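Undergrad: 3D model of this:
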Amino acid sequence: MDLAPDSTRSQSGIPPAQDTLHTRRTFLESAGFAVATLGVGSGLAGCGSSSSSRSTTSAGSSPKRGGTLTIGLTGGSSSDSLTPFYPLFSTDVTRISQLYESLTSFTPEAGIQLVLAEELSPNHDATEWTIRLKDGITFHNGKDLTAADVVYTLRTNMNPKVLSGGANLLGPVDVAGIKQVDRLTLKVPYHTSFAVFPQVFPGPYFGIIPVGWRSKDKPIGTGPFKYESFTPGQSSTFVRNPNYWQSGLPYLDHLVVNDYHDETSQLNALSAGEVNAISLLSAASIGTAQAAGQVVVSDGGGWTPFTMRVDTGPFKDVRVRQAMRYAIDRQQMLSLLFRGHGTLGNDLFAIWDPAYDHSLPQRPYDPEKARSLLKQAGQSGFSAQLITADIAQGTLAAAQLLAEQVGAAGIRVSLNQVTSTDLYGPNYLKWYFAQDFWAYNPYMIAVEGVTLPTSPANETHFDNPRYNDLFRQALSVVADTSRVPIIHEMQQIDYDEGGLIIPYFPPVIDAYAHNVDGFHTSKAGTTFGNNDLMHIWLT
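TA: The predicted structure is shown next:
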């Protein structure tokens, strides 16, 4: 595929709906991975490297160099890829994270920290951003990292022929106006204010590539490991980058990623010593995994909402939507699905965002209030069909629980289980009542993707003029603290009028053999502490 840059793009930065459906479907039908992984903040400078904010949860032995770490993951296929622009599966994301790096990344607490960038600075109204890169960083082929490489990467992401999952995240960028200033500096102009620019880059899509890179079969990045071999759907091997810019890292000499068909195969491989680490486990596997090694449970920020269309049918009445929210027992869902692990939801996404409004009252399980709201709306005995699919851990069981719980409020919900391909097929964005999965999305750009009339994945068809105006206001506010009151007003609207039911935030469960150390949790909700394998060592 030709990955040459192309500046032909709409000013909104949002691709046609067909492209959006392609991206959403291919990412989620097999991987349970989502399109937006962003953070909240303004300019960033001097935040340190990607290791600056680590919080270790392992035994704490002294790091040792050498050895081979073999990890086992599920979800791969013959379509596995090493290309940063459109990873299809969770296995792809783990591999890509070892080969490529971006301008920023997530901290273990789901904050934003600088990686390849030394500084990201906006002008007075955030219509232009200046990027200054760290000096002395080289690609795997020995080429120095320069501003020209970042220009090339950004333009490639915005090339409509590439179908990058990151294209939506860059917002109303002026692609043609992106320019190199000097060897380590570039400027990125915007058609309108875009104060959340630094939070675009922690996801897998913006791994920086060298100018002229076109072949998806020859990965060249700045990451801690270099490509050695790759067989899609089976295995891949990476070797330590001896010229890695973070001194002393990685500790391992080799990294092997093996694909497994299911969770049982993963657990058997860990027990037999065939692998040193596995991830994406269910809560039911914790006991088995503990018998074979060490289990690490992260309070992830991913969310699996129930989506209600607000533009048609009974859900058009906010009282019916609120009745559904009161008719579910969130604590029971969390306890039964994840054995108490995870975090209770309150129908708002972005749980770890510093601007998340924790002062909003936790919505209780109140079937009598739900009955009363339905009676007021003239919808006593309300019934609906829920479209469900096995798209993420617990989604099918959550659908079954919801159908049982809402019965106490006189609501009848029937289930229609479809394949993930069908869920994200032509009827995606048309379902009246359905489910979805998103990885951690700090608030502002999650809104851009999900709850605006221009959002490429507005499943609820939510369109609130005040909410839309507040979003535009927030994008023009450079200071983080000044943006919080605006976000809180938006979240009040989400809470009072939105079409999303978010009952919980599921945990991420990893397991490591007894001879593995250096691991940690990650609230971003991805495998292996946000795929931080460069800090792992073998004892």
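Undergrad: please make it C-alpha for all contacts and neighbour counts, starting now.
TA: Will do.
Undergrad: that's a helix at Ala434, yeah?
TA: No. The assignment for Ala434, made by DSSP: H, G, I helix; E, B strand; the rest coil, is strand rather than a helix.
Undergrad: what residue is smack in the middle of the chain?
TA: Ala439 (3.2 Å; Cα atoms, centre = their mean).
Undergrad: hang on, that one packs against Asn530?
TA: No. The criterion here is Cα atoms under 8 Å, and Ala439 misses it with Asn530 at 11.5 Å.
Undergrad: give me the common contacts of the two.
TA: Ala524 (Cα atoms under 8 Å, 6 or more residues apart in numbering).
Undergrad: next, count neighbours for the closest residue to Gly273 other than its chain neighbours.
TA: Leaving aside its chain neighbours, Gly273 sits nearest to Ala513 (7.8 Å; criterion: Cα to Cα, 6 or more residues apart in numbering). Ala513: 21 surrounding residues under other Cα atoms under 10 Å.
Undergrad: next, give phi and psi for Ala513.
TA: The phi/psi pair for Ala513 (degrees, to the nearest 10) reads phi -70, psi 160.
Undergrad: how close does it get to Asp92?
TA: Going from Ala513 to Asp92 by Cα to Cα, to the nearest Å gives 22 Å.
Undergrad: go on, Gln113?
TA: In terms of Cα to Cα, Gln113 sits 23 Å off from Asp92.
Undergrad: kindly report the same for Ile445.
TA: Taking Cα to Cα, one finds Ile445 at 23 Å from Asp92.
Undergrad: with Asp436 instead?
TA: In this view, Asp436 and Asp92 are 21 Å apart by Cα to Cα.
Undergrad: same check, this time on Gly66
TA: Taken as Cα to Cα, the span from Gly66 to Asp92 is 24 Å.
Undergrad: low-confidence stretches in the stretch 101-250 of the chain?
TA: 215-217 (pLDDT under 70).
Undergrad: sorry, slip of the keys, the one I care about is the chain.
TA: Checking the chain against pLDDT under 70 turns up 1-60, 215-217.
Undergrad: care to break it down by domain?
TA: 17-222+507-538, 306-505 (automatic domain parsing).
Undergrad: can you lay out those domains as CSV showing distance to Tyr244?
TA: Output for the domains of the chain, formatted as CSV (distance: least, Cα to Cα, whole Å):
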stretch, distance to Tyr244
domain 17-222+507-538, 7
domain 306-505, 28
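Undergrad: closest to Gly287 out of the ones you listed?
TA: Closest approach to Gly287 among these (Cα to Cα): domain 17-222+507-538, 10.7 Å.
Undergrad: now the closest one: how far from the chain's centre is it?
TA: 11 Å (Cα atoms, centre = their mean, to the nearest Å).
Undergrad: and the nearest residue to the residue nearest to the centre of the chain once chain neighbours are set aside, how many neighbours?
TA: In space, and not counting its chain neighbours, Ala439 is closest to Gly302: 4.1 Å by Cα to Cα, 6+ apart. Residue crowding around Gly302 was assessed by other Cα under 10 Å; the count is 28.
Undergrad: tell me the contacts of Gly302?
TA: Gly302 neighbours (Cα under 8 Å, 6+ apart): 437-441, 505-506, 524-525.
Undergrad: now with 10 Å, please.
TA: Gly302 is in contact with 32-34, 37, 349-351, 392, 437-441, 504-508, 523-526, counting by Cα atoms under 10 Å, 6 or more residues apart in numbering.
Undergrad: ok, it to Pro506 distance?
TA: Counting by Cα to Cα, the gap from Gly302 to Pro506 is 7 Å.
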